[in-house]
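Engineer: Just to be clear, the model below is a prediction. Sequence and coordinates:
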Amino acid sequence: MYEIFVLGELMTGDKHGYMLQEILKNAGGPYRQISSGTLYPLLSRMVDHEWIHLSLDGTGGGKRPRKIYGLTDSGRRKFLELMEKPLEYNMDTEQMFHFKMIYFRYVPKRVRLDCLQQYLIYLETNLRHVTDFEAEIAFYKPEPEKQRLQLLRVLDHRKQMGMTNIEWIKKEIAAVKSKED
């Protein structure tokens, strides 16, 4: 998942590892932090795959030169491949969608629309699941009643959030469709 982030960030220009880590910390939110122990081995693998290149910058005044990462032509192709890859529906779907959406400006309109449509399907499937489960709980009325009522409140919250997200995505799809590529 982080490959698309690194490649997308390097589409904007060369960056050192610390800067990539700081941007990713902010993009991932306060509860999804990436450690140096995850990022730097990833960067090394990406250099080995020749998706990115590494250069050393000794002008920073520190004892060790900073490692600056840049995108290769192979990395640009890999970035497009990852952006075109359909969303996988799992626990990381939302994070991957958000990462992809950040870099929409680097891909053709059809790729953006495909991603938005895939995310819409994900949201609609989740909403259907919540609605079906809510109907089942209301029909069978499992005990204890207080727990059932609280579960229905949780499901109502999920339903409201789902409907809001679906409405937003539909507007986004319409906006992308209306723009020229």
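Structural biologist: Yep, that arrived. Numbers count the residues shown, from 1 in each chain.

Engineer: rest of the way, CA atoms for contacts and neighbours
Structural biologist: Will do.

Engineer: so what does whichever strand or helix holds residue 153 touch, helix or strand wise?
Structural biologist: Assigned by DSSP states H and E, residue 153 belongs to helix 145-178. Applying 3 or more C-alpha pairs under 8 Å, 6 or more residues apart in numbering; DSSP states H and E, one finds that helix 145-178 contacts helix 109-140.

Engineer: With just CA atoms, put the worst-scoring helix or strand of the chain on mean pLDDT into PDB.
Structural biologist: Least confident helix or strand of the chain, by mean pLDDT, DSSP states H and E, is helix 17-28 with a mean of 88. Taking Å, rounded to 0.1, in the frame of the first residue of the first chain, the C-alpha atoms of helix 17-28 are listed here in PDB:
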ATOM      1  CA  GLY A  17      13.300   9.800   3.400                       C
ATOM      2  CA  TYR A  18      12.600  11.900   6.400                       C
ATOM      3  CA  MET A  19      10.300  14.200   4.400                       C
ATOM      4  CA  LEU A  20       8.500  11.200   2.900                       C
ATOM      5  CA  GLN A  21       7.900   9.800   6.400                       C
ATOM      6  CA  GLU A  22       6.600  13.100   7.700                       C
ATOM      7  CA  ILE A  23       4.200  13.500   4.700                       C
ATOM      8  CA  LEU A  24       3.000   9.900   5.100                       C
ATOM      9  CA  LYS A  25       2.400  10.400   8.800                       C
ATOM     10  CA  ASN A  26       0.100  13.400   8.000                       C
ATOM     11  CA  ALA A  27      -1.600  11.600   5.100                       C
ATOM     12  CA  GLY A  28      -2.200   8.500   7.100                       C
END
